[in-house]
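Participant: would you be able to build a 3D model of this:
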Amino acid sequence: MKKSYFTGALCAALLFLSFSAKAQLQDVNVMTQQRDVLKLYTELMDKQISLEKEKQNNAKILSKTEGLNNQSDRKTDKFSASDPNSTAKDAKKTAKLLRQTESANKELQKSNNRIASMEGDIKKLQVQLDRLKYTVEVKGK
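Facilitator: Next comes the predicted model:
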């Protein structure tokens, strides 16, 4: 009788340990998923901050470029053949202004490309987060 009682207790203990091990394994899996989700959220927030900074930079570049474009349009229309010396000087100044305008337009295009790239990265991160279909509640302090 004592042997069957001892055997039953031993089997119950082993059964309890196996359930406990499975529960711990599930906890580890849940924690791993939470870690992955938090990493993705962190990366997403960093990208969104970078995107906002780039948009602000883009707005500055855009205003500068618009000013240079308007100035270039006005300068290229006012050439006269009456005074060749002043026309040559004006042409040099205009050429310099056009180079500055071209440089500003290239800078604006690069900024627009960076914004498009960042938006694509953000969409990819959001898709990854949606695939996980797992939400992590972060407790506020």
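Participant: okay, now the unreliable bits of this structure?
Facilitator: 1-3, 5-6, 9-26, 76-81, 133-141 (pLDDT under 70).
Participant: for stretch 85-100, which positions count as buried?
Facilitator: Going by neighbour count (16 or more other Cβ atoms under 10 Å), the buried part of stretch 85-100 is 90, 94, 97. Where you see a C-beta, it was placed from the backbone N, CA and C, and this is true even at glycine.
Participant: what helices or strands is the helix or strand residue 109 falls within leaning on?
Facilitator: Using DSSP states H and E, the element containing residue 109 is helix 84-132. Counting by 3 or more Cβ pairs under 8 Å, 6 or more residues apart in numbering; DSSP states H and E, the packing neighbours recorded for helix 84-132 are helix 2-76.
Participant: what's the local residue count around residue 61?
Facilitator: Residues within reach of residue 61, counting by other Cβ atoms under 10 Å, total 19.
Participant: sorry, that was for residue 104
Facilitator: Neighbours of residue 104 using other Cβ under 10 Å come to 19.
Participant: wait, which of the buried residues of stretch 85-100 is closest to residue 71?
Facilitator: residue 97 (6.4 Å; Cβ to Cβ).
Participant: for that closest one, give me its contacts.
Facilitator: 68, 71-72, 75 (Cβ atoms under 8 Å, 6 or more residues apart in numbering).
Participant: which one among the residues you listed gets closest to residue 115?
Facilitator: Distances from residue 115 to the contacts of residue 97, taken by Cβ to Cβ, are shortest for residue 68, at 20.3 Å.
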